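Peer 1: Quick one, structure for this:
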Amino acid sequence: KRYPLFTNMTPFSSLIAQTQRAFATRHGRKQFLNMLFLAFAFMLVLAPLPLGSNRMWSASLLALWTNVLLLVFLAVWVWQKQLVQTPMHGSLIAATLLLALVVIWVLVQISSWTPAAWHHPLWQEAERVLQQQGFREAASGAIALDSGAAIEHLVRLLGYAAAFWLAYFLALDRDRANILLGIIIASGMIYAAYGFVMEAMNANLVLWYPKRAYIDNMTSTFFNRNSYAAYAGLGLLSATAFVFQRWRQVWRTSMGQQVSSASVHYFFWSDFLTKLASWGLLPLALFTALILSASRAGFASCMGGLVVLAVGMAINKRVRTGRLLLLVGSAAMLAIFLLTIGGQQLTARLNANTIAEDLPSRLNVYALTWESIKANPWLGYGLGNFDAAFRLFRDTSVIGWFEEAHNDYLEMVMDLGFPAAMLWFAAIGLMVMRCVQGMWQRRRDGIFPVLALAVTAQEALHSIFDFSLQIPAVAMTYAAILGMGVAQSWSSKELDAAR
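Peer 2: Residues are numbered from 1 along each chain as shown. Below you'll find the model as predicted:
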């Protein structure tokens, strides 16, 4: 009745009728979402395998995968509004509009129809050289220095946005949110185990490629130790949140409302030694992997994320100050112990003298990046164009080759210009604020928005000194955790109102 043009066509009529009957039931809709969830989870697990997906083919495949899944979901959702019910909060709409404006601006940057005064002077120089060589067709100028790099990074950006929205819609169901958290932890453990095996074999390989750097550091399937440290940190924070949630549930179940010697005895022998101790191995293994990476920025940023996680859980669960200090103190003592017995390389790199040797070159890059921003603050040089633009400003004070600014904030401002970069930061900030509200409002599943805040703190700190969010496997996993946190930030009243 709704689509007479298609229902009168054979054999499509029977197929459409069967599909309509399937989605008319709650079971059919749930089956569809579960299939979509499995495809999304499979992508998250595979993302770190091909060198962190930091190659054009693998990054493009990830972006295609997530966007196709999102389009399939949206197409069915438009057809069947009962597929999911979600509050259309102003922050969600605003963040989507801000992202759309950033995407439009990147398209403007690579377009040749913009005013010639907006184009970089190098395009005019290229046109002059081509004319001297006898070429009649003039070079098509643009704001972006390298339109190909801008398109590649735009595809990646759309993939990360799609991962966020898929995680958001799929994790509105608390069961799928818990499964997604488990999959992220399991994925972290898989790649940590691979790294442990490579270290035990003393095999200086990343998959079948010989290591070109970080020979004595654990990098798992990543070439860069900082990138792997960022990924291991996401797994560590997720595992810590999971263990805290499980420990709290088991303690309440075992102890009940009355605390007695018998209940404590039962808790220790039945639960602690069988469940809690085994769960505790998850963050312990991932923390060991983080130490073996010997990444200073990765370690420091993850410690910052753990502090945010502890404070957030204390606020959400209304934990007393004394218990919070005991928890943080115990974790700090364990961290110091593990550093002492196995973190000699990381400890050496955290030495003040070592930092003093490495810091000047990095600060010189920051200063030159800021000079490049001041030269073109409003239009930028094109998304993903740092490498092309920085060559015009670098001098002899910079030692080594810098394809990235090693500061995502400066690099984003340099690439997009101040206005568009602020829009991008604001879009993420709105989602973070939504998680802050969820930390205050939620009780039963408040661990999800708290975890999203913790990983945001981790990546925000790491982005000051490195470029971990430019690695697709890291960015996809972070986007999934943030989307999951936002999905579980709604109170029961808000979800009931949406239904």
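Peer 1: where do the strands sit along this protein?
Peer 2: Remark: strands assigned in the chain by DSSP state E are 205-206, 209-210.
Peer 1: How confident was the prediction at residue 421?
Peer 2: Note for residue 421: predicted pLDDT of 98.
Peer 1: Verify the stated contact: it with residue 408.
Peer 2: No. Distance between residue 421 and residue 408: 10.2 Å, which falls outside the contact criterion (Cβ atoms under 8 Å). For every residue, glycine as well, the C-beta is placed using N, CA and C.
Peer 1: would you turn the strands of the chain into TSV with distance to residue 244, mean pLDDT and mean neighbour count?
Peer 2: Shown next, in TSV, are those (distance: least, Cβ to Cβ, whole Å; pLDDT from 0 to 100; neighbours: other Cβ atoms under 10 Å):
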stretch	distance to residue 244	mean pLDDT	mean neighbour count
strand 205-206	33	94	16
strand 209-210	38	94	10
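Peer 1: Could I get these in JSON lines, plus columns for distance to residue 326?
Peer 2: JSON lines is the format used below for these (distance: least, Cβ to Cβ, whole Å):
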{"stretch": "strand 205-206", "distance to residue 326": "40"}
{"stretch": "strand 209-210", "distance to residue 326": "45"}
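Peer 1: Nearest to residue 217 among these would be which one?
Peer 2: strand 205-206 (11.3 Å; Cβ to Cβ).
Peer 1: Go ahead and measure how far the closest one is from the middle of the chain.
Peer 2: 24 Å (Cα atoms, centre = their mean, to the nearest Å).
Peer 1: again with stretch 359-379
Peer 2: Worked out by Cα atoms, centre = their mean, stretch 359-379 lies 25 Å from the chain centre.
Peer 1: Check stretch 58-69 too.
Peer 2: So, by Cα atoms, centre = their mean, the centroid of stretch 58-69 is 15 Å from its chain's centroid.
Peer 1: could we number from 24 for the rest of this?
Peer 2: With the count now opening at 24, the last piece we talked about shows up as stretch 81-92.
Peer 1: CA atoms only for that stretch, dumped as CSV, please.
Peer 2: Extracted C-alpha coordinates of stretch 81-92, given in CSV (Å, rounded to 0.1, in the frame of the first residue of the first chain):
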residue,chain,number,x,y,z
SER,A,81,43.3,-0.2,4.4
ALA,A,82,42.2,3.3,5.7
SER,A,83,39.9,3.6,2.6
LEU,A,84,38.5,0.1,3.1
LEU,A,85,37.7,0.9,6.8
ALA,A,86,36.0,4.1,5.7
LEU,A,87,34.0,2.4,3.0
TRP,A,88,33.0,-0.4,5.4
THR,A,89,31.7,1.9,8.1
ASN,A,90,29.9,4.2,5.8
VAL,A,91,28.2,1.4,3.9
LEU,A,92,27.0,0.0,7.2
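Peer 1: Give the buried residues for it.
Peer 2: By neighbour count with 16 or more other Cβ atoms under 10 Å, stretch 81-92 contains the buried residues 81-86, 88-90, 92.
Peer 1: Over to stretch 447-459?
Peer 2: For stretch 447-459, by 16+ other Cβ under 10 Å, it's 447, 450-451, 453-455, 457-459.
Peer 1: what's the answer for stretch 463-480, then?
Peer 2: Buried residues in stretch 463-480 (16+ other Cβ under 10 Å): 464-465, 468-480.
Peer 1: same check, this time on stretch 304-322
Peer 2: Quick answer for stretch 304-322 (16+ other Cβ under 10 Å): 305-322.
Peer 1: hmm, back to that, next step: the buried residues of stretch 463-480 restricted to helices.
Peer 2: Here DSSP state H is the test, and those give 464, 470-480 as lying in helices.
Peer 1: can I get the buried residues of stretch 447-459 in TSV with distance to residue 400 and pLDDT?
Peer 2: Shown next, in TSV, are the buried residues of stretch 447-459 (distance: Cβ to Cβ, whole Å; pLDDT from 0 to 100):
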residue	distance to residue 400	pLDDT
447	15	98
450	20	97
451	21	97
453	24	97
454	26	97
455	25	97
457	30	95
458	31	96
459	31	96
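Peer 1: burial count for the closest residue to residue 88 other than its chain neighbours?
Peer 2: Counting by Cβ to Cβ, 6 or more residues apart in numbering, residue 66 is the residue found nearest to residue 88 once chain neighbours are left out, at 5.1 Å. By the criterion of other Cβ atoms under 10 Å, residue 66 has 20 neighbours.
Peer 1: so who does residue 66 touch?
Peer 2: Applying Cβ atoms under 8 Å, 6 or more residues apart in numbering, we find residue 66 in contact with 85, 88-89, 92, 499.
Peer 1: Widest-spaced pair of those?
Peer 2: 92 and 499 (12.3 Å).
Peer 1: I'd say residue 184 and residue 121 touch.
Peer 2: No. Using Cβ under 8 Å, residue 184 and residue 121 do not qualify as a contacting pair, with a distance of 11.0 Å.
Peer 1: Comparing these two, which shows the higher neighbour count?
Peer 2: Under the criterion of other Cβ under 10 Å, the comparison of residue 184 against residue 121 puts residue 184 first, with 23 against 20.
Peer 1: Leaving out the residues flanking it, which one is nearest to the more buried one?
Peer 2: residue 122 (5.9 Å).
Peer 1: quick one on the thing from earlier: narrow the buried residues of stretch 304-322 to those in helices?
Peer 2: Using DSSP H, the buried residues of stretch 304-322 in helices are 305-316, 319-322.
Peer 1: ok, the residues you listed vs residue 221, which is closest?
Peer 2: Looking across these and measuring by Cβ to Cβ, the closest to residue 221 is residue 315, at 10.4 Å.
Peer 1: Please verify my assumption that the closest one contacts residue 241.
Peer 2: Yes. Here residue 315 reaches residue 241: they are 3.8 Å apart, a contact under Cβ under 8 Å.
Peer 1: Quick check: neighbours shared by the two?
Peer 2: In contact with both residue 315 and residue 241: 218, 222, using Cβ under 8 Å, 6+ apart.
Peer 1: quick revisit: show the contacting residues for the residue nearest to residue 184.
Peer 2: 184, 447, 450.
Peer 1: again, but for residue 210
Peer 2: So residue 210 contacts 67-68, 71, 258, 500 (Cβ under 8 Å, 6+ apart).
Peer 1: just residue 464 next, same as before
Peer 2: 512-514.
Peer 1: now the contacts of residue 122 in TSV, with distance to residue 155?
Peer 2: Compiled in TSV, the contacts of residue 122 are given as follows (distance: Cβ to Cβ, whole Å):
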residue	distance to residue 155
184	44
447	40
450	45
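Peer 1: Among the residues you listed, which one sits closest to residue 380?
Peer 2: residue 447 (33.7 Å).
Peer 1: gap between the closest one and residue 269?
Peer 2: Distance, residue 447 to residue 269, using Cβ to Cβ, to the nearest Å: 36 Å.
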